[in-house]
Every structure is written in C-alpha cells, then in structure tokens.
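Student: Return atomic coordinates for the entry below.
(one chain, ligands or ions: 1)
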Amino acid sequence: MIAHPLAVPAVHGAQSQCRKASWYDEDWPRQSIHTSRDHQFHADRRRVWSHSFSDKALRSYEPRIEVYNKALMDRLGDHGGQPMNAAKWFNYYSYDVMGDLAFTKDFGLLRSGQQHLAVELLNDALGIQGIKLPTWMFRMLIAIPGLTEKYWRFIQYCDEQLAAQMAQKDTEKPSLMARLLAHAGPNPSKSDLLTLQSDSRTIIVAGSDTTAATLSHIAYLLAKNPEHIVKLRQELLPLMNADGSFEHQKVYQAEHLNAVINEALRLYPVPPTAIVRKTPIQGITVDGTFIPGNINVWTPQYVIARSNDAYDQAYDFIPERWYSMPHLVIEKAGYSPFLTGPYGCIGRPLALMQIRLVIAATVSKFDIGFPPGADGSDFVENTKDRFTWGLAELNLCFRPWQRSTSNHS
Ligand code: HEM
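Tutor: Numbering: from 1, shown residues only. Purely as a prediction, here's the structure:
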C-alpha cells in the first residue's frame, strides 16, 4: 500500500505501465470492461462502451433520471422531517436508475420501499469480496457448492436480465446493455456472450453502489456542516426552473455544488482503498523511492485524503479548497476519485449528472439534519470497506424547506 499522493499518477496515470492485478481474475473466464487484464481487449471494450456516455447519450438519460429523482424527493418528503435511513433511499434511487438505464427495467425500489432480490444478492456477493481473500482462495471458496449460493444467484440474475434484453425488440428507450448488444450483433459468440454477461453485472455494481455511497456521504457531510446547505441554495436557486426542477445543463458548472461533490469524494472515495495494480517488471519510482517490479500495489484514496502531504486541514470538510482556497490542496496529483488513465471510470459523467441533480433537488426542498442527540458518528464508524462501501444506517431528518418561509435566503 503506497499512501503517497505522487503514487497515484505513477500507478494509475496515462503513462503508467502498471496493469490490473490478478485480483481482477476472480470471475475468470468471464471478463468485463472492469475485470479484463488484457490491455488490448480492454481498450477495444472501452471504445464500445464509450458510446453510452457521450454528451448525446447523457442528454437522453436525463428525463429518465428525473423520474427517479422526483420519486426520491417524494420518499424523503413522506417522512415529514422524522428520522429515516437516508442511505437506504439513496441506494434504492441509484439501483432504480441503473435498472432503467442498463436494462430499461424499473426495479421499483423507490415505489415499493422494498429491497429488490438482486440488490440483496449483490450485497452478499460484495460482502464476500470485502474479505479481500487472495484470488486463488476466493475462487476456491466460490467453487464450493452451497457456500456462496447468493454470489452465484446474483450472477444468474444479471444473466437473466441480459437474456431479457436480447429478446426485447423495442429500442425506443435505448439501454446501456442494448448498445453493447448491438455491437455484438444478433448472434454473439460464446466468448462475446460471457463478456456481455460480465458487463451487465459491472453496470449494476459499478453504477449503483458507488453513486449511492457518494450521495449518502454528501448528505452526512451537509447535515454536519449545514452552512454549506445555505451556500448551495444561494448558488442553485437562481438556476432552478419555475416548476422547481433542475436541468443538468444549468447546474453542471455550479462552482460550490461541484466543490461539495469533490470534497465528499476526497473524504469518502469509492472504492476507499484497494484498486490493485501490478507493477511492470522494471519497477516504478515514486518520489525517489524504488518500488520493485511484478508486485501488487495500491494507492488508498481514503488514506491519502487524510495526509498532510496532500492537503492542509486534511480532515476537515472545506469544499472551497477546490475553487477559492486552492492553497489547501498541497499535492493535487493525489486526488483521483474516478481514477485517471486507461482504467479510469467511464461512467463519471453519468455519476456526476445524477449526483448534481439529486443534491440540487434535495437542498432546494429540505433542510438536512441529524435526529436529536445524534451526530452521525455511528454511520461513519459502522460503515465498512468491502471494495465499495458497505454503508451503515444513516439516520437523517429531511425537514421540508421553502424559500419564502425560511430565514436562510
Ligand atoms: C460516484 C460514482 C462513481 C465513482 C466514485 C466511481 C469510481 C470508479 C473508480 C475509482 C473506478 C476504477 C476501479 C478499478 O479500476 O477497479 C471505476 C471504474 C469503472 N466505473 Fe465508476 N464510479 C462511479 C460511478 C460509475 C457509474 C454511474 C458507472 C456507470 C455504469 C460506472 C462505471 C464504471 C466502469 C464500467 C468502470 C471500469 C472502467 C475500466 O476498467 O475501464 N461508474 N469507477
């Protein structure tokens, strides 16, 4: 583990010769855009995926996302300012969005308030990964019949969603999977099919858990630092449409909103620690220190975020460090919540669009606070690192707020 800000570009940057480590072989022979260790195969796959994240594609997703955004606001409002587990509802929101965008399927979590079988299975599957077993041991464990049944049922569930997409002729609402399927053609080969199955699982895991965790941490940080809710309103309310909705085109450059998101991702990055890479045979050098070749390394974003080599007042939530107080960022190269380089997050624009729209809607409608006597510490103390975050309960009160009746603006 190299907890040094300059290790981030050395290990993950565009020029780095480090490659994905054997940890990514856990699902072999299934290899997705995320798990493939073949550099050329991965680059080809990224080209296919990139069409789904073009500006045009993103614009077509916005009205679909807005439906779930409204449903989330309704659910937050239903509780009438009483404590609720916000992490659960952000989780339902992000899975509903990804169900729609990936498979044109409404999982209905926000509507029903019930956990979906797939999400339950996924949580169990990620629980196994969180143990961080060596790859050979992980593969041995999942081969034992009955022991990791839910892990396999999750994989089977994703395969079924893919099969349903393949059977669907309606392309009115283009899904991420439909775009990948179109590229594979009407009769994908056996290996293409394995890749598509694996990609379908990647979309759900990479697209939902990460966004839900980030929204939860932002809500926690805003409850802890309510002065930033006031500041966000000052910036965002002039950008709001007459019907109370927000358009991404109007808010995507909002300075403080983007800074709040950056700062939340600095303090609570997803994944927080282990994005494992193998060093090239000749080794690498980080700030004058030689790291031998052919070994596994990772650069824990969570630890680097708290390092005084990288940030001044490293433990404090100060969004302004990302625009008006740049002296609080000592070594910017250490900040890379979506990673850079060939393996960087391809879903970044989609994630940011969702997060900006949800946070804008939330602060324009609610005050966010902890229940009486609480300070949210149980949330951060009980949340676990299991590659992405295994979130603990986040008890928050969303008290309805209106511009005319409040003292804030
Ligand atoms: C706040 C939300 C998100 C964060 C912080 C995030 C962060 C990351 C990070 C750090 C990686 C590198 C992981 C690794 O190498 O093992 C990654 C990869 C990836 N992310 Fe995201 N992500 C987010 C949302 C999304 C969304 C919404 C999607 C949409 C499907 C997505 C799709 C992917 C994919 C496909 C990869 C693999 C890329 C590759 O290896 O070429 N992510 N993400």
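
Student: neighbouring contacts of stretch 46-57?
Tutor: With CB atoms under 8 Å, 6 or more residues apart in numbering as the test, stretch 46-57 has contacts from 33, 174, 176, 179-180, 183, 199, 342, 346-350. Quick note: C-beta positions are derived from backbone N, CA and C, even for glycine.

Student: try it again with 7 Å
Tutor: With contacts defined as CB atoms under 7 Å, 6 or more residues apart in numbering, stretch 46-57 is touched by 33, 176, 179-180, 183, 346-347, 349-350.

Student: so which two of those are the farthest from each other?
Tutor: Farthest apart among the contacts of stretch 46-57 by CB to CB are 183 and 349. That separation is 19.8 Å.

Student: For those two, indicate the residue with more neighbours.
Tutor: A direct count of neighbours by other CB atoms under 10 Å for residue 183 and residue 349 places residue 349 higher, at 18 against 15.

Student: Run a quick check on that one versus residue 59, I expect a contact.
Tutor: No - using CB atoms under 7 Å, residue 349 is not in contact with residue 59; the gap is 10.8 Å.

Student: can I assume residue 357 sits in a helix?
Tutor: Yes - assessed by DSSP: H, G, I helix; E, B strand; the rest coil, residue 357 belongs to a helix.

Student: Any figure for the gap between it and residue 64?
Tutor: 12 Å (CB to CB, to the nearest Å).

Student: Please apply the same query to residue 346.
Tutor: For residue 346 relative to residue 64 (CB to CB), the value is 19 Å.

Student: neighbour-wise, which of these two wins?
Tutor: Counted by other CB under 10 Å, residue 346 and residue 64 do not tie: residue 346 has more neighbours, with 18 against 15.

Student: which residues touch the more buried one?
Tutor: 46, 49-50, 53 are the contacts of residue 346 under CB under 7 Å, 6+ apart.

Student: Tell me the predicted confidence for residue 224.
Tutor: pLDDT recorded at residue 224 is 98.

Student: can you count the residues close to it?
Tutor: 16.

Student: Return the distance of it relative to residue 377.
Tutor: On the measure of CB to CB, residue 224 and residue 377 end up 10 Å apart.

Student: what's the answer for residue 276, then?
Tutor: Applying CB to CB to residue 276 and residue 377 gives a distance of 30 Å.

Student: Residue 353 too?
Tutor: 31 Å.

Student: And for residue 266?
Tutor: For residue 266, the distance to residue 377 - CB to CB - is 19 Å.

Student: hang on, the earlier thing: and residue 276 and residue 377? which has more neighbours close in?
Tutor: Counting neighbours by other CB under 10 Å for residue 276 and for residue 377 shows that residue 276 has the greater number, 18 against 11.

Student: dump the residue contacts of the more buried one.
Tutor: Per CB under 7 Å, 6+ apart, neighbours of residue 276: 21, 23, 296, 298.

Student: As a check, name the ranges of all helices in the stretch 1-150 of the chain.
Tutor: Applying DSSP state H, counting those that start in this stretch to the stretch 1-150 of the chain gives helices spanning 7-12, 39-50, 55-78, 86-103, 109-112, 117-130, 135-142, 149-167.

Student: can you tell which of those helices is closest to the ligand?
Tutor: helix 39-50 (5.3 Å; CB to the nearest ligand atom).

Student: ok, of the contacts of residue 346, which come out buried?
Tutor: Buried subset of those (neighbour count, 16 or more other CB atoms under 10 Å): 49, 53.

Student: got the residues of the stretch 201-350 of the chain near the ligand?
Tutor: 202-203, 206-207, 210-211, 214, 265, 270, 275, 337-339, 343, 345-347, 350 (CB under 6 Å from any ligand atom).

Student: hmm, try it at 5 Å
Tutor: The stretch 201-350 of the chain has residues 203, 206-207, 210-211, 214, 270, 275, 338-339, 343, 345-347, 350 near the ligand, with proximity defined as CB under 5 Å from any ligand atom.

Student: Looking at these, which is nearest residue 366?
Tutor: Checking these against residue 366 with CB to CB, the nearest one is residue 214 at 18.0 Å.

Student: So what does that closest one look like in phi/psi?
Tutor: phi -70, psi -40 (degrees, to the nearest 10).

Student: quick one: contacts for it?
Tutor: Per CB under 7 Å, 6+ apart, neighbours of residue 214: 264-265, 270, 355.

Student: that older thread, write a PyMOL command that selects only the buried members of the contacts of residue 276.
Tutor: Applying 16+ other CB under 10 Å to the contacts of residue 276, the buried members can be selected in PyMOL as follows:
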select buried, resi 21+23+298
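
Student: Leaving out the residues flanking it, which one is nearest to the residue in the chain that the ligand sits nearest to?
Tutor: The minimum distance from the chain to the ligand, using CB to the nearest ligand atom, falls at residue 347 (2.0 Å). Leaving aside its sequence neighbours, residue 347 sits nearest to residue 207 (CB to CB, 6 or more residues apart in numbering; 5.6 Å).
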